[in-house]
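> sharing a model that was predicted from the sequence below.
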Amino acid sequence: MSSVGSPSVERCDSGTDEDMLGRHGCAGNGSMEPRVMDEHVADVMVHFYSWSAHDQTEFAKRLLLRMNHIQQGQISNFLLEILQRDFITCLPESGHFPLAEKILLYLDPASLCKAEQVCRNWYSVIQTGRIWKRVIEHKVRTDKAWENVAKKRTWNQYLFHSNTDELQLEGEYFRSLYPIIRCDINAVEQNWRDGPPEFHRIRCQSENNKGVYCLQYDDEKIVSGLRDHTIKIWDRKSLSCRNVFTGHTGSVLCLQYDENIIITGSSDTTIHVWSIETGEVLNVVKHHAEAVLHLRFQGDMLVTCSKDRNIAVWKIHSPTQFELREILSGHRAAVNVVDFDEKFIVSASGDRSLRVWRTSDLQHVRTLHGHRRGIACLQYRDRLVVSGSSDYTIKLWDVECGACLRTLEGHDELVRCIRFDESRIVSGAYDGLIKVWDLKAALDPKSPNKDLCIKTLEEHGGRVFRLQFDQFQIISSSHDDTIVIWDFVAPANKKNDPSPDWLVGEDGDATTTEAATPGANGEVSMEVEATTPVMDVSPQPVLS
């Protein structure tokens with residue numbers, strides 16, 4: 001600092017600490033009169049303001065070095081206070097409200113709760129920016145459980161759009177909604193393990209041949225295939241029969257539907273395509289020589305399997321035009337079930353084996369052996385295949401390498417239907433029981449076998465032919481001519497539910513759109529062994 005009146009390094013270093021500072025009462029033990037000190041400070045500040053920023057910084061450093069530790073600590077505390085910046089408060093004031101929101105969105109819910117308590121400004125930013133709404137939206141996008149609960153409770157109508165302004169929903173609404181959704185999810189999970197589910201029964205009232213062999217459902221309807229040759233559609237709210245489709249001359253063994261059509265397979269060896277709205281038969285496909293035991297379609301690809309031991313792969317050009325692409329042969333007994341994705345087709349048969357085929361070129365990849373008797377059902381998704389057999393067991397397989405990962409034991413008769421999702425397996429058997437298994441524990445080789453079955457349900461009075469489930473419910477059908485709905489969700493508690501009923505009316509029904517393909521019939525059913533008589537076994541459905 002070379003300007004006149006500025007403290008050069010030489011001048012600062014030319015005397016002792018006492019000479020430089022002690023005589024002004026800055027570092028000494030004595031103190032000067034306030035009036036005298038003010039005059040000295042004013043004189044110093046005149047010079048200080050005339051220096052450059054660099055010179056001011058150098059002067060402050062020299063000054064600090066000549067203070068004792070106590071004084072330096074006091075200065076440090078003072079600096080901590082003035083250097084703190086409440087950016088959450090400052091950003092909105094400077095016109096950067098979205099940036100403050102974005103910063104807060106990085107917090108987890110527990111930290112966001114604490115942030116609300118920092119001060120009123122932070123609380124206001126969180127509520128005004130509807131941070132909790134966006135936290136819930138992120139959960140719904142990334143977590144299937146949150147998505148399902150939001151749909152079931154109809155809270156999803158307030159998410160992902162701005163109509164919440166019109167509905168006068170403040171940020172506090174979403175703040176109170178978050179813990180309620182969490183409690184709801186936890187309660188459902190607890191009910192799957194400990195709570196008895198509520199159940200509702202549909203009596204199908206078949207006149208002669210009784211039994212419901214296949215079904216699929218969504219939030220509005222249940223579509224079922226019956227032994228009496230009919231397809232019956234049931235209303236989800238009233239559980240009454242909405243429509244009856246007739247046209248098959250044998251038991252309806254398997255079905256799958258989308259928004260426009262239902263495709264069914266029957267013991268009469270035909271495949272029927274129906275208009276889901278009118279019930280009109282759009283197409284009748286005759287190819288298999290014996291009963292069509294299972295089918296599965298996705299996009300423009302349909303795969304069917306039959307008691308004739310063959311698998312047929314079709315290209316769907318339109319509901320009225322199906323083109324046969326390939327016939328897959330290799331099984332030595334009835335092919336009871338198929339499932340596929342863009343990588344593999346997986347089939348199971350009464351010959352005790354599962355066969356894996358490449359979807360792209362329809363070439364055989366490998367055969368899985370391990371069941372001691374014929375295989376009645378399977379589901380395949382990602383790398384995992386779960387199969388059920390007349391040896392009373394359930395096996396988990398890695399489709400990529402063919403390894404058997406686990407064997408589940410617990411049923412006393414043939415395992416007829418099997419489904420799984422991310423956390424559980426649900427099986428139905430000829431012993432009339434439905435069992436719920438912990439999938440994550442089953443995939444852990446360290447888990448003891450006794451901990452794998454978490455619930456057993458007993459309501460059917462006959463063999464369980466078919467089931468489907470989602471996060472909230474199981475829907476199953478049986479030889480006893482009934483469909484049973486097992487509901488694991490208690491009705492919404494209106495005292496704790498923040499839903500503004502005066503705005504939205506009643507809560508909606510459970511939503512589940514898991515497209516599935518049903519199983520084989522009790523009459524023709526599958527051959528459990530290549531050399532044994534035909535048994536009552538139907539293949540398992542496939543969730544989309």
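The structure has been received and is ready for your questions. From a predicted model like this one, the values you see are computed outputs, not experimental measurements.
> what residue is smack in the middle of the protein?
Lys144 (1.9 Å; Cα atoms, centre = their mean).
> OK, contacts around it?
422, 471 (Cβ atoms under 8 Å, 6 or more residues apart in numbering). In short, each C-beta sits where N, CA and C put it, glycine included.
> same check, this time on Val436
So Val436 contacts 192, 424-426, 453-457 (Cβ under 8 Å, 6+ apart).
> dig out what it forms beta bridges with.
Val426, Lys455 (DSSP bridges).
> likewise for Arg296?
Val303.
> one step back: which of the contacts of Val436 lies closest to Arg134?
Trp192 (29.5 Å; Cβ to Cβ).
> pLDDT of stretch 198-206, averaged?
Across stretch 198-206, pLDDT averages out at 92.
> for that stretch, which residues meet the burial criterion?
Buried residues in stretch 198-206, counted by 16 or more other Cβ atoms under 10 Å: 202, 204, 206.
> out of the residues you listed, name the ones that lie in strands.
Ile202 (DSSP state E).
> of the buried residues of stretch 198-206, just say which sits nearest to Val140.
Nearest to Val140 among the buried residues of stretch 198-206, with distances taken as Cβ to Cβ, is Ile202, at 31.2 Å.
> need the contact list for the closest one.
222, 234, 239, 482-485.
> tell me the buried residues in the helix or strand Trp146 falls within?
If you go by DSSP states H and E, Trp146 is part of helix 144-152. Buried positions in helix 144-152, judged by neighbour count with 16+ other Cβ under 10 Å: 145-152.
> kindly report the same for stretch 313-329.
313-314, 316, 322, 328.
> ok, those vs Lys114, which is closest?
Ile316 (55.3 Å).
> okay, that closest one: pLDDT?
For Ile316, pLDDT reads 97.
> now it, nearest residue through space, not along the chain?
Leaving aside its chain neighbours, Ile316 sits nearest to Asp300 (4.7 Å; criterion: Cβ to Cβ, 6 or more residues apart in numbering).
> look up how far Gly402 lies from that neighbour.
Distance, Asp300 to Gly402, using Cβ to Cβ, to the nearest Å: 29 Å.
> do the same with Ser347
On the measure of Cβ to Cβ, Ser347 and Gly402 end up 14 Å apart.
> more crowded one of those two?
Ser347 (26 against 16; other Cβ atoms under 10 Å).
> report pLDDT for that one.
pLDDT at Ser347 comes out at 98.
> which residues are in contact with it?
Neighbours of Ser347 in contact, by Cβ under 8 Å, 6+ apart: 305, 311, 328, 331, 335, 337-338, 354-355, 357.
> now it: which helix or strand?
strand 344-349.
> list just the nearest of the buried residues of stretch 198-206 to Val292.
Nearest member of the buried residues of stretch 198-206 to Val292, counting by Cβ to Cβ, is Ser206, at 20.3 Å.
> what sits closest to the closest one if chain neighbours are left out?
Closest to Ser206 by Cβ to Cβ, 6+ apart is Asp228, at 4.3 Å.
> Lys221 is in contact with Glu259, correct?
No. Contact criterion Cβ atoms under 8 Å: Glu259 and Lys221 do not qualify, at 11.7 Å.
> who has more neighbours out of those two?
Comparing Glu259 with Lys221 by other Cβ under 10 Å, the one with more neighbours is Lys221, at 17 against 9.
> got a list of what the more buried one touches?
Counted by Cβ under 8 Å, 6+ apart, Lys221 has contacts 233-236, 242.
> which regions of this protein sit below the pLDDT cut-off?
Within the chain, the stretches with pLDDT under 70 are 1-32, 162-170, 490-544.
> in it, where's the longest helix?
Scanning the chain for the helix with the most residues, using DSSP state H, yields helix 171-193.
> buried ones in it?
171, 173-175, 177-178, 180-181, 184-185, 188-189, 191-192.
> among those residues, which two are most distant?
Every pair of the buried residues of helix 171-193 checked by Cβ to Cβ; the farthest is Gly171 and Trp192, at 32.9 Å.
> can you name every helix or strand that the helix or strand harbouring Arg62 contacts?
Secondary structure assignment for Arg62, by DSSP H and E: helix 53-65. Judged by 3 or more Cβ pairs under 8 Å, 6 or more residues apart in numbering; DSSP states H and E, helix 53-65 is in contact with helix 9-13.
> now with 10 Å?
helix 9-13, helix 17-20, helix 34-50, helix 69-83 (3 or more Cβ pairs under 10 Å, 6 or more residues apart in numbering; DSSP states H and E).
> that older thread, which of the buried residues of stretch 313-329 sit farthest apart?
Ile316 and Leu328 (17.4 Å).
> picking that back up, who does the longest helix of the chain touch, helix- and strand-wise?
Checking 3+ Cβ pairs under 10 Å, 6+ apart, helix 171-193 ends up next to helix 109-116, helix 120-128, helix 131-142, helix 144-152, strand 424-429, strand 433-438, strand 453-458.
> quick revisit: overlap in contacts, Glu259 and Lys221.
Ile276 (Cβ atoms under 10 Å, 6 or more residues apart in numbering).
> which of the buried residues of stretch 313-329 lies closest to Lys139?
Ile316 (36.7 Å).
> report the angle between the strand or helix carrying that closest one and strand 344-349.
Assigned by DSSP H and E, Ile316 belongs to strand 311-318. Strand 311-318 and strand 344-349 meet at an angle of 130 degrees, taking axes from the mean of the first three to the mean of the last three Cα atoms, to 10 degrees as the criterion.
> what's the first helix or strand after strand 311-318?
Past strand 311-318, the next helix or strand by DSSP H and E is strand 321-328.
> what does that following strand rub up against?
Residues contacting strand 321-328 (Cβ under 10 Å, 6+ apart): 263, 271, 273, 283, 285, 287-288, 300-305, 308, 310-317, 335, 338, 345, 347, 355, 357, 361-364.
> which among those residues count as buried?
263, 271, 273, 283, 285, 287-288, 301-305, 308, 310-314, 316, 335, 338, 345, 347, 355, 357.
> how many other residues sit next to Arg373?
Other residues close to Arg373 by other Cβ under 10 Å number 16.
> typed the wrong thing, it's Arg466
Neighbour tally, Arg466, other Cβ under 10 Å: 32.
> any idea which helix or strand carries it?
Counting by DSSP H and E, Arg466 is part of strand 464-469.
> partner strands of that strand, with direction?
strand 473-478 (antiparallel).
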